[in-house]
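Asks: Starting from these lines, generate the structure:
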Amino acid sequence: MPTSDPLQVLESLREQLDTWSHQYYVLDQPSVPDSEYDRCMAELLALEAAHPELIRADSPSQRVGGRPLDQFSQVVHDVPMLSLDNAFSAEDMVNFNKRILDRLGGEEGDLEFSCEPKLDGIAVSLLYREGQLERGATRGDGTTGEDITHNVRTIRSIPLRLRGTDIPEVLEVRGEVYMPRTGFEDLNQWARDHGEKVFVNPRNAAAGSLRQLDARITASRPLEMCCYGVGLVRGYLLPARHTEILQRLHDWGLRVNEEVDLAVGVKACATYYDAMAQRRDELPYDIDGIVYKINNLALQERLGFVARAPRWAIARKFPAQEELTRLLDVEFQVGRTGAITPVARLAPVFVGGVTISNASLHNSDEVDRLGAMIGDTVIVRRAGDVIPQVVSVVRDRRPRNAAAIVFPTACPVCGSTIERAEGEAVWRCMGGLVCAAQQKAAIRHYASRRALDINGLGEKRVDQLVDEGLVENVASLYALEKDRLLGLERMGEKSADKLLHALQQSKHTSLARFLFALGIREVGEATAANLANHFQTWEALATASEEQLLAVADVGPVVADHLRQFFDSKSSLQVVGDLFAAGVSWPDVQRPAQQALPLSGETWVVTGKLRAMQRSAAQAQLQALGAKVAGSVSAKTSRVVAGPGAGSKLSKAKALGVEVIDEAAFLNLLARYGVEV
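Replies: Sure thing, here's the model as predicted:
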């Protein structure tokens with residue numbers, strides 16, 4: 001710093017840290033690495049420790065308080081925090097629009113609405129006096145809430161002091177505190193790892209985090225806040241339109257949802273609703289509907305309020321993603337690797353746009369955590385393409401005849417012993433290929449499109465082939481004969497010819513696809529491709545030591561151990577030998593001239609859902625450009641491609657300071673290198 005005056009240095013440090021925090025937590029545009037922020041914060045803390053008389057309440061160092069509170073105090077809202085009426089259909093929206101026009105005398109024509117995603121979080125109020133955060137409170141009953149100032153101060157997207165100079169004397173900001181999906185997943189994973197209770201959903205997690213008497217716990221939770229309006233305002237003339245107020249809040253350093261838009265007329269509102277419903281599962285946070293508000297504040301005032309809700313706003317809800325149903329039974333399925341998974345059989349219920357009758361219970365630890373019993377009423381959740389899951393039990397509805405869920409002591413398919421490896425949550429059948437369930441799952445995987453791509457070998461056909469004794473492993477597929485196939489139910493001559501042709505075609509593959517098709521635990525497409533490019537031949541890979549395996553990108557001790565177990569297994573190698581004898585082969589792997597490729601020496605990770613291509617295709621494009629593709633993020637990762645729904649990998653990349661690009665930037669990069677998508 002150019003000055004030795006402690007006060008000036010402190011002011012400069014505080015201003016710099018506030019700017020960086022605003023860029024990172026509000027604008028999502030970080031301008032410096034975390035290490036630089038940490039160095040600046042350390043300097044501020046040291047200077048404040050030397051001059052405690054200069055510490056201010058709005059200093060970045062004061063976000064986390066000291067001693068926990070004994071209890072929450074009550075806060076009376078100067079302007080009530082009202083709830084919204086709900087609309088559940090397009091017809092409800094038409095009626096809402098008609099009521100407004102009737103009350104206005106019909107002279108307004110098509111009305112202008114602000115359209116905002118309805119975040120599934122907790123409504124809060126922030127009171128700023130002379131630009132400094134004075135108080136935070138929950139909505140409560142709308143009139144009286146709880147003082148949570150010590151907790152909201154820990155949320156980094158909430159400024160302790162507003163930015164700029166044109167600031168109201170008193171400003172009450174209303175908004176929603178929520179937990180992003182990635183943060184929610186990471187929080188629950190931490191809870192599982194430490195044997196603690198997991199949260200049911202992000203809203204539940206946000207609510208629990210805000211109501212902590214110890215602000216240090218809240219500070220450890222990944223909470224965010226988006227502002228959607230104002231309450232009490234003194235000493236300032238607000239703009240005349242709601243969207244202009246939101247822009248003003250953004251200018252003052254508060255986060256506003258970037259999806260806010262304008263719609264003129266109820267048809268345009270429906271268009272916005274449909275568009276957001278399509279994108280709902282791609283957003284990094286949960287929303288449960290759309291809030292529509294008359295944008296003109298003068299019209300809002302004319303319309304007024306009814307009971308506990310404004311006449312000028314409504315929330316059109318999305319179909320529920322959580323519902324109540326009954327747990328009828330639990331069955332145990334055996335997967336390709338022998339993993340035994342409990343599956344809940346449910347009374348059919350409509351959730352997230354589809355009827356659900358089955359849901360995964362994951363493993364015995366999850367069954368114990370839920371404390372579920374057969375006959376219980378349970379909450380089932382489904383979001384987008386996510387497999388439905390039982391998230392909690394409504395214990396006060398448990399019937400007297402509820403039965404315990406008893407985990408099997410032997411494989412439910414073949415009767416073999418089951419074991420649980422140290423450090424794993426999953427029980428596995430040790431029957432291997434003796435187990436029909438593992439045989440079927442292994443064959444389905446081998447024939448899948450991203451493996452050997454054998455058309456005509458769907459789930460039912462594989463079940464039929466194994467049950468009839470025609471196939472016992474992937475190698476015996478190539479011994480199938482037409483006359484035996486014609487003896488199967490629903491297998492005509494044309495279908496038999498197509499299947500046999502597909503089997504012949506599958507013999508011509510690549511080493512990478514073959515490795516993936518074998519279904520070795522933890523060896524996905526990217527790892528298989530890295531292994532193929534590194535070793536080039538099957539013989540070199542099969543005889544590689546653990547040390548040699550660990551030299552491959554994306555191969556850690558766990559993957560190396562699974563590979564060595566596979567190559568040390570006589571039965572596995574016998575199947576591979578039979579495949580080679582049947583004619584499965586591939587051209588020699590040509591290791592690319594790494595120095596000539598643009599991404600040579602770089603390690604990339606692809607996470608989340610991509611729109612233009614599947615993740616496997618993106619990984620293949622990166623490998624073609626010379627990059628190594630890994631399945632996990634580390635300090636050695638060069639860049640991460642993150643699509644919507646990216647989870648813990650994105651969080652880890654940010655924590656490590658690894659560069660993250662979205663799909664649009666990734667496609668632009670491919671285009672620069674002449675790759676057409």
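Asks: Which elements pack onto the least confident helix or strand in the chain by mean pLDDT?
Replies: Every helix and strand of the chain was ranked by mean pLDDT, DSSP states H and E. The lowest is helix 34-50, at a mean of 73. Packing partners of helix 34-50 (3 or more C-beta pairs under 8 Å, 6 or more residues apart in numbering; DSSP states H and E): helix 6-21. For every residue, glycine as well, the C-beta is placed using N, CA and C.
Asks: so for the helix it packs on, what's the average pLDDT?
Replies: Per-residue pLDDT values over helix 6-21 give a mean of 80.
Asks: mind listing what's buried in it?
Replies: Under the neighbour-count criterion of 16 or more other C-beta atoms under 10 Å, helix 6-21 has Val9, Leu10, Ser12, Leu13, Arg14, Gln16, Leu17, Asp18, Trp20, Ser21 buried.
Asks: Pick out the most distant pair among those.
Replies: Pairwise distances across the buried residues of helix 6-21 peak at 18.5 Å for Val9 and Ser21 (criterion: C-beta to C-beta).
Asks: Pro159: neighbour count?
Replies: 24 (other C-beta atoms under 10 Å).
Asks: Next: Leu622.
Replies: 26.
Asks: Ok, Leu283 next?
Replies: 17.
Asks: Also compute the angle for the least confident helix or strand of the chain relative to helix 6-21, please.
Replies: 150 degrees (axes from the mean of the first three to the mean of the last three C-alpha atoms, to 10 degrees).
Asks: how distant is helix 34-50 from the center of its chain?
Replies: In terms of C-alpha atoms, centre = their mean, to the nearest Å, the centre of helix 34-50 is found 33 Å from the chain centre.
Asks: after that helix comes which helix or strand?
Replies: strand 74-76 (DSSP states H and E).
Asks: which strands and helices sit next to the helix or strand following that next one?
Replies: Per DSSP H and E, the first helix or strand lying C-terminal to strand 74-76 is strand 86-87. For strand 86-87, the packing partners by 3+ C-beta pairs under 8 Å, 6+ apart come out as helix 90-103, strand 313-317.
Asks: Give the rounded mean pLDDT of strand 86-87.
Replies: On average, strand 86-87 scores 86.
Asks: partners of that strand in the sheet?
Replies: According to DSSP bridges, strand 86-87 forms sheet pairs with strand 313-317 (parallel).
Asks: tell me the angle the strand it pairs with makes with helix 90-103.
Replies: 170 degrees.
Asks: tell me which residues in the helix or strand just after strand 313-317 are buried?
Replies: The C-terminal neighbour of strand 313-317 among helices and strands, as given by DSSP H and E, is strand 322-334. Residues of strand 322-334 classed as buried: Glu322, Glu323, Thr325, Arg326, Leu327, Val330, Phe332, Val334 (neighbour count, 16+ other C-beta under 10 Å).
Asks: Distance check, the fourth one against Glu112.
Replies: Separation of Arg326 from Glu112 (C-beta to C-beta, to the nearest Å): 46 Å.
Asks: sorry, back to before: may I see the buried residues of helix 6-21 arranged in JSON lines, with distance to Leu485 as well?
Replies: Below are the buried residues of helix 6-21 laid out as JSON lines (distance: C-beta to C-beta, whole Å):
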{"residue": "Val9", "distance to Leu485": "83"}
{"residue": "Leu10", "distance to Leu485": "82"}
{"residue": "Ser12", "distance to Leu485": "80"}
{"residue": "Leu13", "distance to Leu485": "77"}
{"residue": "Arg14", "distance to Leu485": "77"}
{"residue": "Gln16", "distance to Leu485": "73"}
{"residue": "Leu17", "distance to Leu485": "71"}
{"residue": "Asp18", "distance to Leu485": "72"}
{"residue": "Trp20", "distance to Leu485": "67"}
{"residue": "Ser21", "distance to Leu485": "67"}
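Asks: which one of the residues you listed sits closest to Leu238?
Replies: When the buried residues of helix 6-21 are compared against Leu238 (criterion: C-beta to C-beta), the nearest one is Asp18, at 24.4 Å.
Asks: Wait, the closest one touches Pro159, no?
Replies: Yes - if you go by C-beta atoms under 8 Å, Asp18 and Pro159 touch, sitting 7.2 Å apart.
Asks: where does the stretch 351-500 of the chain dip in pLDDT?
Replies: Applying pLDDT under 70 to the stretch 351-500 of the chain flags the ranges 352-353, 383-386, 433.
Asks: Could you do the stretch 51-200 of the chain as well?
Replies: The stretch 51-200 of the chain contains residues with pLDDT under 70 at 62-70, 106-108.
Asks: quick one, what contacts the nearest residue to Pro399 once chain neighbours are set aside?
Replies: Leaving aside its chain neighbours, Pro399 sits nearest to Gly375 (4.9 Å; criterion: C-beta to C-beta, 6 or more residues apart in numbering). Neighbour list for Gly375: Arg326, Leu327, Leu328, Arg398, Pro399, Asn401, Ala402, Ala403 [criterion: C-beta atoms under 8 Å, 6 or more residues apart in numbering].
Asks: The stretch 451-600 of the chain: helices as residue ranges?
Replies: 459-467, 482-486, 493-506, 511-517, 525-535, 538-542, 546-550, 557-567, 570-582 (DSSP state H, counting those that start in this stretch).
Asks: so what secondary structure elements neighbour the fourth one?
Replies: Secondary-structure packing of helix 511-517 (3+ C-beta pairs under 8 Å, 6+ apart): helix 525-535, helix 538-542.
Asks: Contacts for the first one, please.
Replies: The reference is to helix 525-535. 450, 510-513, 515-516, 523, 541, 544, 551-555, 559, 563, 589, 591-592, 616, 619-620, 623, 628-631.
Asks: what's the angle between it and helix 557-567?
Replies: 70 degrees.
Asks: Now the residue nearest to Pro399: phi and psi?
Replies: Dihedral pair for Gly375: phi 110, psi -10, per degrees, to the nearest 10.
Asks: One more: Glu169?
Replies: phi -60, psi -50.
Asks: I'd say it and Gly131 touch.
Replies: No - in this structure Glu169 lies outside contact range of Gly131 using C-beta under 8 Å: 9.2 Å.
Asks: between the two, which one's more packed in?
Replies: Comparing Glu169 with Gly131 by other C-beta under 10 Å, the one with more neighbours is Gly131, at 19 against 12.
Asks: Stretch 615-626 - what's its average pLDDT?
Replies: For stretch 615-626, the mean per-residue pLDDT is 80.
Asks: Cheers, nothing more for now.
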